[in-house]
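J.: my questions concern the predicted model and sequence given below.
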Amino acid sequence: VEIYVGDLTNPEAVGAASAGVERIYHLGALIPIPYSYRHPREYIAANVEGTLNVLEAARRSGAARVVQISTSEVYGTAQSVPMSEAHDLHPQSPYAATKVASDQLALSFHRSFDVPVVVCRPFNVYGPGQIGGGAIRAFIENALAGNDLVVRGDGSQIRAWCYVDDMVEAVRLCLEHPNAVGQSFNIGNPRSAVTIFDLAQRVKRLTGCPGEIVFAPLDYVDVELRIPNVTKAREEIGFDAQVELDD
């Protein structure tokens, strides 16, 4: 393992890290949605310009595959469910908008320069080692500490949760499967779709948490409904989630 410490917005640094590399997972991005409302320029620099630098470096190095890790946030609130890759893109935050731009930029490099790109759109990934936000992580950590579980908004938001092992298998398939190049794939587990309130109830039940479920205001515009259609990923690259939510 070689570790390069650098900045995605620095094309020379990205080029040096990518030299001689055959396959690239591009996961680097600014993510927290509330922060993106206050600092959109930082998100454009890191997420859009950073992706451009990765794609340019891949083009120069002749990389055999670039997997662009996107997000289900590009779809916004579902206009129809489950949400297929043909669903309209309705980003509801500056973060989501930068990911739409990054995805389209990546696909344009495939069409224009034949860079072998795959766009992977995960739906609510969770699991051991998770950092940053995430309702499951927050609920479990508070439950194990015996604290109250805080639900933002009224808890009616619906999400489909994808365990990290399933996500890893999906991105491996995106990296290796010959059918993947030039395509976008939803990655998730539609069988694990629950409301945020139901999720809090499950965590409380499974952990025996003595705390209560309490509600707090939501200080940003949230996506109300998001459930993936993974038919394309199943048929094209053989992906199917294995880990269920309660497990």
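T.: Yep, that arrived.
J.: please make it C-alpha for all contacts and neighbour counts, starting now.
T.: Fine.
J.: please report phi then psi for the most far-flung residue of the chain relative to its centre.
T.: Here the centre of the chain is the reference, and by Cα atoms, centre = their mean the most remote residue is Pro210, at 32.0 Å. Backbone dihedrals for Pro210, given as degrees, to the nearest 10, come out at phi -80, psi -10.
J.: before we move on, what about the one 4 residues further on?
T.: Reported as degrees, to the nearest 10, the phi and psi values for Val214 are phi -120, psi 160.
J.: grab the nearest non-local neighbour of Pro11.
T.: Excluding the flanking residues, the one nearest Pro11 by Cα to Cα, 6 or more residues apart in numbering is Asn53, at 5.2 Å.
J.: contacting residues around that neighbour?
T.: Shown in contact with Asn53 (Cα atoms under 8 Å, 6 or more residues apart in numbering): Leu8, Thr9, Asn10, Pro11, Val14, Gly15.
J.: can you give me the distance of the residue farthest from the centre of the chain to Asp148?
T.: Separation of Pro210 from Asp148 (Cα to Cα, to the nearest Å) stands at 8 Å.
J.: next one: Gln104
T.: Distance of Gln104 to Asp148, computed by Cα to Cα: 41 Å.
J.: pick out whichever of the two has more residues nearby.
T.: Asp148 (18 against 13; other Cα atoms under 10 Å).
J.: hang on, isn't the more buried one packed against Gly208?
T.: No - assessed by Cα atoms under 8 Å, Asp148 is found out of contact with Gly208, at 12.0 Å.
J.: strands paired with the helix or strand bottoming out on mean pLDDT in the chain, and their directions?
T.: Here the helix or strand of the chain ranked lowest by mean pLDDT, DSSP states H and E is strand 225-226, holding a mean of 91. Strand pairing for strand 225-226, using DSSP bridges, gives strand 158-160 (parallel).
J.: give me the distance between the most centrally placed residue in the chain and Phe139.
T.: With distances taken as Cα atoms, centre = their mean, the residue of the chain nearest its centroid is Thr71 (3.5 Å). Per Cα to Cα, Thr71 is found 22 Å from Phe139.
J.: burial measure for Ser72, as a count.
T.: Other residues lying near Ser72 total 25 when counted by other Cα under 10 Å.
J.: show me where the chain dips below the pLDDT cut-off.
T.: Along the chain, the model assigns pLDDT under 70 to no residue.
J.: what's the helix or strand where Val119 lies packed up against?
T.: Take DSSP states H and E as the rule and Val119 turns out to sit in strand 117-122. On a contact count with 3 or more Cα pairs under 8 Å, 6 or more residues apart in numbering; DSSP states H and E, strand 117-122 meets strand 65-69, helix 94-113, helix 164-176, strand 184-187.
J.: pairing partners for that strand, with directions?
T.: strand 65-69 (parallel), strand 184-187 (parallel).
J.: before we move on, back to that, ok, of the contacts of Asn53, which one's closest to Ile158?
T.: Nearest to Ile158, judged by Cα to Cα, of the contacts of Asn53 is Leu8 at 33.1 Å.
J.: assign the closest one to helix, strand or coil.
T.: Counting by DSSP: H, G, I helix; E, B strand; the rest coil, the backbone at Leu8 sits in coil.
J.: contact partners for the nearest residue to the residue nearest to the centre of the chain once chain neighbours are set aside?
T.: Of all residues not flanking Thr71 in the chain, Arg121 sits nearest, at 4.5 Å (Cα to Cα, 6+ apart). Counting by Cα under 8 Å, 6+ apart, Arg121 makes contact with Ile69, Ser70, Thr71, Ser72, Ser184, Phe185, Asn186, Ile187.
J.: what residues sit buried inside stretch 107-121?
T.: By neighbour count on 16 or more other Cα atoms under 10 Å, the buried set for stretch 107-121 is Leu107, Phe109, His110, Val115, Pro116, Val117, Val118, Val119, Cys120, Arg121.
J.: having no further points to raise, I will conclude here.
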